[in-house]
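Participant: predicted model follows, preceded by the sequence.
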Amino acid sequence: MNPSHYPHFGVLLVDDEPAWLRSLSLTLERSAGITNILTCQDSRLVMELLEQHEIGLVLLDLTMPHLGGEQLIGMISERHPEIAIIVISGMNQIESAVSCIKQGAFDYFVKTVEEDRLVSGVLRAIRVLELERQNREMSSRMLSGTVKCPAAFRGIVTTDRTMQAIFSYIEAVALSGEPLLILGESGVGKELIARAAHTLSGCRGQLVSVNVAGLDDVVFADTLFGHVRGAFTGADQPRRGMIEEAADGTLFLDEIGDLSIPSQVKLLRLLQEGEYFPLGSDRPKRLKARIVVATHQNLSHKQEAGSFRRDLYYRLCTHMVAIPPLRERKGDLPPLLDHFLEESARALGKKKPTPPRELLQLLATYNFPGNVRELKALVYNAVSVHRDRVLSMETFLTTIIRPESKQQMVVPRAERNLFAGVERLPTFGEAAELLVEEAMARANGNQTMAARLLGISQPALSKRLKLRGAIGEGV
């Protein structure tokens, strides 16, 4: 099936009037972007078509020769209960509508109904079918615990089980037309997840990324929607917006939590209506791109505080993933370190250096506020000044083991004093004992690394450990 078709399943239109079939097909394509359409004038062929094609939604007339609509509803509901049925009848009869719904029809419309109502009803049915399919896929993926298309995630180096579960989730919702919200701290790789979702969608269009942080309302609208000639002073030429650039592809909006309230309203309308107006134009254009958004901010807290619209928040979180920070998946440090050593050496035209044994132990003691991006920068910096066979640890030590005075400049006294509020102060010996114990635990028993964490020499630490052992033995 052509991946550019929407939806991914077929929509079958059944009516004995060819003019009505043509009209309805054009309406659905023009107003809703529905292109995966099949038509049938002979109701006797419907069941055969359902066997031959992947049909998810059937729109049928009630009054047809040979095989009536109500009879077809019963047959489809019995043999293909997964298919949704919308009745579009020339008669406005309540009894007929109730009967159709009881037999399993999803909805009922009269042919003379307003076009917008009919299109909205069809889109609502498609969304329900997509969500049902995604729920089935997610349940299957979570039970199997496998990733079917690991190649889509090859840019993400990880062995973490949480990340593997996220990959399974992204696979399950990749074909959805609903927005995808990616949460996570700066540097965790949110754009890589967006790129994987785009790859898995099979869309023929491109991935267009826009960082919306700092854009005022006018610039945001012009960036996304574009403008026509003469829309404002200086608009000498028309400009395509990023939505149009991403047609049949994915539009990735990064730092969505920084949008102003007026811009949030524009984004909400785009998602709800599926259409937009270029600046200066009174002719709407259809949204033909999947929307993926990301932020490092807590949108739940922001909407509770009133700085992020609640309706937009709930519209965006239909599909949502939260990428864990690097400090919560320290098991990824070894493969990430090896990956960045190889990548940086290749980029800098050097031979891949050998990391010292203590390096991973040092990295494991660090919380990485900049996450994977910070680790990459540290490795590139170290490799850029690398000379010997074994990689020097000095650039890592400069970042990870900071002078205590620098920390004290930014930490309030109440938080800096670890003994504030303690009923009995420990003696110097007891405090030193606790520090040594913690340093050795963080360094996994490596005395050289523990000594660096404590800011003392390795012989001094060794002497203290021997003394502690002697005291413990009662010598």
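Facilitator: In hand now; what should we look at?
Participant: name the nearest residue to residue 110, sequence neighbours excluded.
Facilitator: residue 92 (4.6 Å; CB to CB, 6 or more residues apart in numbering). To be clear about C-beta, it is placed using only N, CA and C from the backbone, and glycine gets the same treatment.
Participant: now that neighbour: how far from residue 12?
Facilitator: When distance is defined by CB to CB, to the nearest Å, residue 92 is 24 Å away from residue 12.
Participant: between the two, who's got more neighbours?
Facilitator: Legend: neighbour count by other CB atoms under 10 Å for residue 92 and residue 12, higher for residue 12 (23 against 13).
Participant: helix/strand/coil for the more buried one?
Facilitator: The three-state label given to residue 12 by DSSP: H, G, I helix; E, B strand; the rest coil is strand.
Participant: from residue 45, how far off is it?
Facilitator: Relative to residue 45, residue 12 is positioned 10 Å away (criterion: CB to CB).
Participant: same question, residue 424
Facilitator: Per CB to CB, residue 424 is found 88 Å from residue 45.
Participant: residue 436 now?
Facilitator: To residue 45, residue 436 is 83 Å away according to CB to CB.
Participant: same check, this time on residue 53
Facilitator: Residue 53 is 11 Å from residue 45, by CB to CB.
Participant: buried sites along stretch 39-59?
Facilitator: For stretch 39-59, the neighbour count (16 or more other CB atoms under 10 Å) marks 39, 40, 43, 46, 49, 50, 55, 56, 57, 58, 59 as buried.
Participant: pretty sure the fourth one sits against residue 12.
Facilitator: Yes. Contact status for residue 46 versus residue 12: in contact at 7.3 Å, counting by CB atoms under 8 Å.
Participant: part of a strand, is residue 321?
Facilitator: Yes. With three-state DSSP as the criterion, residue 321 is part of a strand.
Participant: so what's it up against?
Facilitator: Counting by CB atoms under 8 Å, 6 or more residues apart in numbering, residue 321 makes contact with 166, 169, 170, 180, 181, 182, 183, 193.
Participant: how about residue 119?
Facilitator: Residues near residue 119 by CB under 8 Å, 6+ apart: 27, 28, 31, 32.
Participant: got it, and residue 243?
Facilitator: Shown in contact with residue 243 (CB under 8 Å, 6+ apart): 224, 225, 226, 251, 270, 276, 285, 287, 288, 289.
Participant: can you rerun that using 7 Å?
Facilitator: Taking CB atoms under 7 Å, 6 or more residues apart in numbering, we find residue 243 in contact with 224, 225, 251, 276, 287, 289.
Participant: quick one: which of those is most hemmed in?
Facilitator: Of the contacts of residue 243, with other CB under 10 Å as the count, residue 251 tops at 29 neighbours.
Participant: pLDDT averaged over the one helix or strand residue 380 maps to, what's the number?
Facilitator: Assessed by DSSP states H and E, residue 380 sits inside helix 371-384. Helix 371-384 shows a mean pLDDT of 95.
Participant: who are the packing partners of that helix?
Facilitator: helix 333-348, helix 394-400 (3 or more CB pairs under 7 Å, 6 or more residues apart in numbering; DSSP states H and E).
Participant: dump that helix to CSV, restricted to CA.
Facilitator: Taking Å, rounded to 0.1, in the frame of the first residue of the first chain, the C-alpha atoms of helix 371-384 are listed here in CSV:
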residue,chain,number,x,y,z
ASN,A,371,22.9,14.2,29.2
VAL,A,372,24.1,12.4,26.1
ARG,A,373,25.0,15.7,24.4
GLU,A,374,27.3,16.6,27.2
LEU,A,375,29.0,13.2,27.2
LYS,A,376,29.6,13.6,23.4
ALA,A,377,31.1,17.0,23.9
LEU,A,378,33.4,15.7,26.7
VAL,A,379,34.7,12.8,24.5
TYR,A,380,35.2,15.0,21.4
ASN,A,381,37.1,17.5,23.6
ALA,A,382,39.3,14.8,25.0
VAL,A,383,40.0,13.2,21.6
SER,A,384,40.8,16.6,20.1
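Participant: can you offset everything so residue one is 24?
Facilitator: Done: numbering now begins at 24, and the last item shifts to helix 394-407.
Participant: and the angle from it to helix 356-371?
Facilitator: If you take axes from the mean of the first three to the mean of the last three CA atoms, to 10 degrees, helix 394-407 sits at 50 degrees to helix 356-371.
Participant: circling back: mind listing the shared neighbours of residue 69 and residue 35?
Facilitator: With CB under 7 Å, 6+ apart as the test, residue 69 and residue 35 both reach residue 63.
Participant: domains for the protein, by residue range?
Facilitator: For the chain, automatic domain parsing gives the domain ranges 33-152, 168-347, 348-423, 435-498.
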